[in-house]
Structure formats: C-alpha cells, structure tokens
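**Student:** what follows is a predicted structure for the sequence shown.
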Amino acid sequence: METPSTRSGVLILRVWVEGGGPDGFRARILQTVDGEERHPAAACQRTDVLLAVRDWLDELLERDG
C-alpha cells in the first residue's frame, strides 16, 4: 500500500500602515513550501500582495510536485 504524499507550506504576511492613505502600507512576505524557504519579498500595493499569495498557493497545490 502506498502512503499518499503530503505537501505543506507556511505563508506569513507582516503588514504595517504608513502614510495614512488607503494604500499607504508595506508588506513583508515570508514563505515556505515543503520545508524550503523562499526568498523574502516586499510589497506596497494590494495587487502585489494578492499575487504573491496566489503564486504561493498555486505552487503548494501543484500535483506534479
């Protein structure tokens, strides 16, 4: 009987507000997939943060590993 493979990952978003505007923020993005750390990233736009989350989730959920 084969043991099913499991994948795991961690995504940490650290966000702080700067400048008082609606998009006046900074984000630091830390991520791992299957225990491998990725290079830390930074963002200051919502779309960049959302894209980073989507890319991480896509990589984690890849069927081919």
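**Tutor:** Happy to help now that I have it.

**Student:** and the helix or strand bottoming out on mean pLDDT in the chain, which strands flank it?
**Tutor:** Using mean pLDDT, DSSP states H and E, the weakest-scoring helix or strand in the chain turns out to be strand 36-37, at a mean of 92. Looking at strand 36-37 with DSSP bridges, its partner strands are strand 25-33 (antiparallel).

**Student:** pLDDT on the strand it pairs with, on average?
**Tutor:** The average pLDDT within strand 25-33 is 95.

**Student:** buried residues in it?
**Tutor:** The neighbour-count check on strand 25-33 (16 or more other CB atoms under 10 Å) flags Phe25, Ala27, Ile29, Gln31, Val33 as buried. Placement of C-beta: from N, CA and C, glycine included.

**Student:** which residues does the fourth one form beta bridges with?
**Tutor:** Gln31 forms beta bridges with Leu11, as assigned by DSSP bridges.

**Student:** quick check: it touching Ile12?
**Tutor:** Yes: using CB atoms under 8 Å, Gln31 is in contact with Ile12, at 7.3 Å.

**Student:** low-confidence ranges, this structure, go.
**Tutor:** For the chain, the stretches flagged by pLDDT under 70 are 1-4, 21-22, 63-65.

**Student:** could you pull out the strands for the chain?
**Tutor:** Taking DSSP state E, the strands of the chain run over residues 9-17, 25-33, 36-37, 41-43.

**Student:** got the buried residues for stretch 44-54?
**Tutor:** Buried, per 16+ other CB under 10 Å, within stretch 44-54: Val49, Ala52.

**Student:** then stretch 6-16 to PDB, C-alphas only?
**Tutor:** Output in PDB follows, covering the C-alpha atoms of stretch 6-16 (Å, rounded to 0.1, in the frame of the first residue of the first chain):
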ATOM      1  CA  THR A   6       1.500  15.300   1.700                       C
ATOM      2  CA  ARG A   7       2.600  18.800   0.900                       C
ATOM      3  CA  SER A   8       2.800  21.600   3.400                       C
ATOM      4  CA  GLY A   9       3.600  25.300   3.400                       C
ATOM      5  CA  VAL A  10       3.700  28.400   5.500                       C
ATOM      6  CA  LEU A  11       2.900  31.900   4.400                       C
ATOM      7  CA  ILE A  12       3.500  34.800   6.700                       C
ATOM      8  CA  LEU A  13       2.400  38.300   5.800                       C
ATOM      9  CA  ARG A  14       3.600  41.200   8.000                       C
ATOM     10  CA  VAL A  15       1.700  44.400   7.100                       C
ATOM     11  CA  TRP A  16       2.100  47.800   8.600                       C
END
